[in-house]
Structures are given as C-alpha cells and as structure tokens.
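Q: Give me a model of this one.
(one chain, ligands or ions: 1)
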Amino acid sequence: MGAALEIDHVSHSFGGFQALSDVSLSVPRGSFTALLGVNGAGKTTLFSLITRLYNNTSGRISVAGHDLRRQPGAALARLGVVFQSRALDADLTVAQNLTYHAALHGIPRRQALIRAAEVLAQVGLSDRLHARVSALSGGQSRRAEIARALIHRPEILLLDEPTVGLDVKSRAEVVALTRDLTAQGVSALWATHILDEIRPEDGLVILHQGRVLADGTAARIGGGDLTRRFLDLTGDAA
Ligand SMILES: Nc1ncnc2c1ncn2[C@@H]1O[C@H](COP(=O)(O)OP(=O)(O)OP(=O)(O)O)[C@@H](O)[C@H]1O
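A: Take a look at the predicted model:
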C-alpha cells in the first residue's frame with residue numbers, strides 16, 4: 001500500500017515565471033498533512049496540477065497508486081477537492097447540489113440520495129438536507145462543501161485554505177471535522193497559511209516561492225516553536 005498522494009519532482013511555469021520548482025511530497029494514508037505557505041507560495045498551483053486543471057508535464061503525480069497522466073480517470077475518482085472558492089450553487093438546496101455532483105461522478109440518483117444523507121451525517125449537517133445553500137451559515141456552508149467533496153467516497157481530500165473567512169469557532173469546527181475524517185481513514189492535504197491550524201503530530205510540508213523548504217512532522221520541523229522556525233526558513237524573521 002503506497003501513499004494516498006505522491007508528488008515526485010514536479011515543476012510548473014506560467015510563461016517565464018517558475019511557480020513550482022522540483023516539488024516532491026507524500027501524503028501517507030489516513031494522515032492529516034498540512035501544506036503551509038504564505039500567499040503566492042504555490043499551493044493553489046500545486047492543487048491545480050493534482051486536479052488536472054493545469055496539465056502536468058514534469059515529474060510524476062500519483063493518487064492512491066494511480067498515475068495521474070496514465071490513469072487520470074482512476075486517479076481523479078479517488079480525489080475529493082474543497083476549493084478556495086465556492087463550488088455549491090447558493091440558489092439550490094444542499095440535496096440538489098449533492099445529487100448534482102454525485103451525477104457528475106456517475107452515481108445514480110437513488111444511490112446519490114443515500115450518499116447525500118451519509119456525507120451530511122459525516123459533516124454534522126443531517127438536518128440541513130433540504131435547506132437552500134444561501135440559508136447556511138459560513139461554517140455550515142464550508143461543511144457542505146466538504147460533504148460535496150466526499151460524495152464519491154474519495155481516498156484523499158485536498159482542501160485549499162478551507163477556513164478563509166470563517167470566524168474562530170467555525171474555523172475550529174472545520175479543522176476538527178477534517179481531523180475526524182482522517183481518523184476514519186480519509187487522507188487530507190490541508191493548504192493553509194495559518195500556523196494555529198497545525199498540530200505537532202501532523203505531517204507538514206513548508207512551501208515557499210515554489211520550493212519545498214521542509215517536510216516531516218510538525219513537531220520535528222518546529223522543534224518547539226513552529227512560528228519561529230517557519231519565519232527562519234522563509235527568511236521573514238525579524
Ligand atoms: N495563472 C497564472 N499566471 C501567472 N502567474 C500565476 C498564475 N497563477 C498563479 N501565478 C503566480 O504563481 C505563484 C504561486 O501562486 P499560487 O496561487 O499557487 O500561490 P498560493 O500559495 O496558492 O497563494 P494564495 O494563498 O494567495 O492562493 C504566485 O506568484 C502567483 O502570482
């Protein structure tokens with residue numbers, strides 16, 4: 001059994017600008033791995049390559065053992081993505097959104113309704129099945145986005161700064177929910193620039209200006225003071 005996600009020597013340029021340089025990282029199965037970097041570090045670019053929004057032409061990406069270039073269908077079927085921007089239609093109900101996204105994955109309607117109830121229970125929103133997305137709070141809406149990403153039972157979730165714009169309580173709930181999911185066996189790659197969201201036992205990859213500066217557990221990298229270590233590594237220390 002390999003890792004849930006393997007990135008092996010991946011680079012990406014926009015015209016003459018090198019956004020990612022020889023990035024390698026691995027997300028072990030069932031782990032919560034944080035991808036930490038300031039704005040512009042390259043987190044969204046990396047996610048865009050993993051989701052095939054951008055074509056990856058260098059190195060290798062594999063999802064649950066499936067090479068993204070050679071077996072894109074199998075790789076993407078094992079991937080769930082929580083985008084930075086909203087993927088749910090605010091004018092539709094949660095159920096309508098979830099069954100629509102299930103259909104995109106080829107899940108028949110009857111089964112999609114069962115799955116929708118299942119994933120809403122996982123994210124603690126069972127009572128919001130028939131609510132319009134526009135009527136959800138910010139935190140509920142993010143949890144509904146996670147439910148959408150889980151509808152096809154992926155092995156790994158990519159979450160791109162999923163707590164941006166949430167209040168402290170909702171932020172803590174979304175982090176805790178994702179940790180619960182990893183305890184149930186789903187792996188998570190959590191892109192963030194917020195150090196508070198990272199625990200010592202988490203996997204941690206620090207990305208800066210398109211390069212991996214550190215890769216290990218947060219405890220080992222931080223050595224007791226992750227903020228200081230992060231600032232030292234990224235050259236922003238006072
Ligand atoms: N389509 C594009 N064309 C040109 N440059 C781009 C494009 N997308 C991103 N970049 C540049 O690539 C670098 C990495 O951007 P990226 O969005 O991946 O960073 P990020 O870590 O996700 O930051 P943020 O938290 O702000 O989203 C930045 O310097 C950005 O300006």
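
Q: So which bits of stretch 189-200 are buried?
A: By 16 or more other Cβ atoms under 10 Å, the buried positions in stretch 189-200 come out as L189, W190, A191, T192, H193, E197, I198. (C-beta placed from N, C-alpha, C; glycine too.)

Q: Max pairwise distance over those: which two?
A: Using Cβ to Cβ, the pair of these lying farthest apart is L189 and H193, separated by 14.6 Å.

Q: out of the buried residues of stretch 189-200, who's near the ligand?
A: Counting by Cβ under 6 Å from any ligand atom, nothing from the buried residues of stretch 189-200 sits close to the ligand.

Q: Just give me the closest of those residues to V94.
A: Closest to V94, out of all of these and judged by Cβ to Cβ, is W190, at 23.1 Å.

Q: element containing the closest one?
A: strand 187-192 (DSSP states H and E).

Q: For that strand, what is the distance to the chain centroid?
A: 4 Å (Cα atoms, centre = their mean, to the nearest Å).

Q: which parts of this protein sit against the ligand?
A: Residues of the chain lying near the ligand (Cβ under 6 Å from any ligand atom): F14, F17, A19, G37, N39, G40, A41, G42, K43, T44, T45, E161.

Q: State the distance from the first one to I61.
A: By that I understand F14. Per Cβ to Cβ, to the nearest Å, F14 is found 18 Å from I61.

Q: returning to what we had before: now render the buried residues of stretch 189-200 as a markdown table, adding distance to R142.
A: Below are those laid out as a markdown table (distance: Cβ to Cβ, whole Å):
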| residue | distance to R142 |
| --- | --- |
| L189 | 17 |
| W190 | 13 |
| A191 | 14 |
| T192 | 13 |
| H193 | 17 |
| E197 | 13 |
| I198 | 18 |
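
Q: sorry, back to before: quickly run through the sheet partners of the next helix or strand after the strand holding W190, with directions.
A: Next in sequence after strand 187-192, counting helices and strands by DSSP H and E, comes strand 203-208. The strands beside strand 203-208 in its sheet (DSSP bridges) come out as strand 32-36 (parallel), strand 211-217 (antiparallel).

Q: So for F14 and I61, which sits in the more crowded spot?
A: I61 (20 against 10; other Cβ atoms under 10 Å).

Q: Look up how far R52 lies from L158.
A: From L158 to R52 the distance is 12 Å (Cβ to Cβ).

Q: now the helices for this protein?
A: Along the chain, counting by DSSP state H, helices occupy 43-50, 72-77, 94-104, 109-122, 138-150, 168-183, 218-222, 226-234.

Q: of those, which approaches R86 most closely?
A: helix 138-150 (7.0 Å).

Q: can I have the closest one written out in CSV, keeping just the CAs?
A: Extracted C-alpha coordinates of helix 138-150, given in CSV (Å, rounded to 0.1, in the frame of the first residue of the first chain):
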residue,chain,number,x,y,z
GLY,A,138,-20.4,30.4,6.7
GLY,A,139,-19.3,27.4,8.7
GLN,A,140,-22.2,25.2,7.6
SER,A,141,-21.5,26.2,4.1
ARG,A,142,-17.9,25.1,4.3
ARG,A,143,-19.0,21.8,5.9
ALA,A,144,-21.5,21.3,3.0
GLU,A,145,-18.5,21.9,0.6
ILE,A,146,-16.7,19.1,2.4
ALA,A,147,-19.8,16.9,2.1
ARG,A,148,-19.8,17.6,-1.7
ALA,A,149,-16.1,16.6,-1.9
LEU,A,150,-16.9,13.3,-0.1
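
Q: what comes up buried for that helix?
A: So, applying 16+ other Cβ under 10 Å, buried residues of helix 138-150: G139, Q140, S141, R142, R143, A144, E145, I146, A147, R148, A149, L150.
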